[in-house]
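> Got a predicted model here, sequence first, then my questions.
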Amino acid sequence: MKSYSDAAMAAIEAGTAICVGAVEILGTPAVRVWGGPWPIAIDGHEYLGVGDRGQAQFYGAGLGAAAQNYTLELSGVDPALLPLLDADEVIDAAVVLRRLIFDGSGTRLLDVHVHRRGRLDQLVTEEEVGGVAVIKAMIEGAARGLRRRGARQRSDADQRLIDPSDGGMKHVSYAGQKMLYWGGKPPATATAALQS
């Protein structure tokens, strides 16, 4: 459970608190940005402001908070800057998402808390012709990857990336459609299968 400062609780209860996100990607070098318009210091590190261009989206299956994947999206990026982005420097880097609580004026920081932790799984860029670009960072929750090494091991193709002679998952692709007959004989004809 998070315990907020008295000033933050008073602003939340009064309905005047402003909540903003901050993201720290611990690659080489570290990337630190937050949703405000100016640079800010958090835990001794400077976070650059991205203003209204940043949008954080959380979605995924009901896996539980620690296993939940989430996507961070930064829109309004100049396409000329995309070649400067080196995805290899940040892939599998630790990510910390923080929640910042400001007073109603948005100028006085009342409290900072770690909201989620995880690892950067994918970095995708999308461009519009003659327009702006979007950078999407897919982040895997802390319990999802469990510090795994190598490929995902979810399909036959993934398993064969690890060991080309391992056919242990060759039936996975159609396992969901396979009919199982527990303790009985399979039907001898198609009409017998349809009647049961």
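Happy to help now that I have it.
> The residue lying closest to L81 once chain neighbours are set aside pairs with what?
With CB to CB, 6 or more residues apart in numbering as the criterion, L81 has its nearest non-adjacent residue at 7.8 Å, and that residue is A133. From N, CA and C alone the C-beta is placed, and that goes for glycine too. Per DSSP bridges, the residues bridged to A133 are V77, E127.
> try I139
Beta-bridge partners for I139, by DSSP bridges, are Y70, L120.
> is it true that it touches N69?
Yes. The pair I139 and N69 qualifies as a contact (CB atoms under 8 Å) at a distance of 6.7 Å.
> shared neighbours, the two?
When CB atoms under 8 Å, 6 or more residues apart in numbering defines a contact, the residues bordering I139 and N69 alike are G118, D121.
> Looking at those two, which one has more neighbours?
When I139 and N69 are compared for neighbours, I139 comes out ahead with 26 against 17, by other CB atoms under 10 Å.
> residue contacts, that one?
N69, Y70, T71, L72, V95, L97, R116, G118, R119, L120, D121.
> Apply 6 Å and report the result again.
Applying CB atoms under 6 Å, 6 or more residues apart in numbering to I139 gives the contacts Y70, V95, G118, L120.
> same check, this time on D78
Counted by CB under 6 Å, 6+ apart, D78 has zero contacts.
> I'd like the distance between it and E24.
Relative to E24, D78 is positioned 23 Å away (CB to CB, to the nearest Å).
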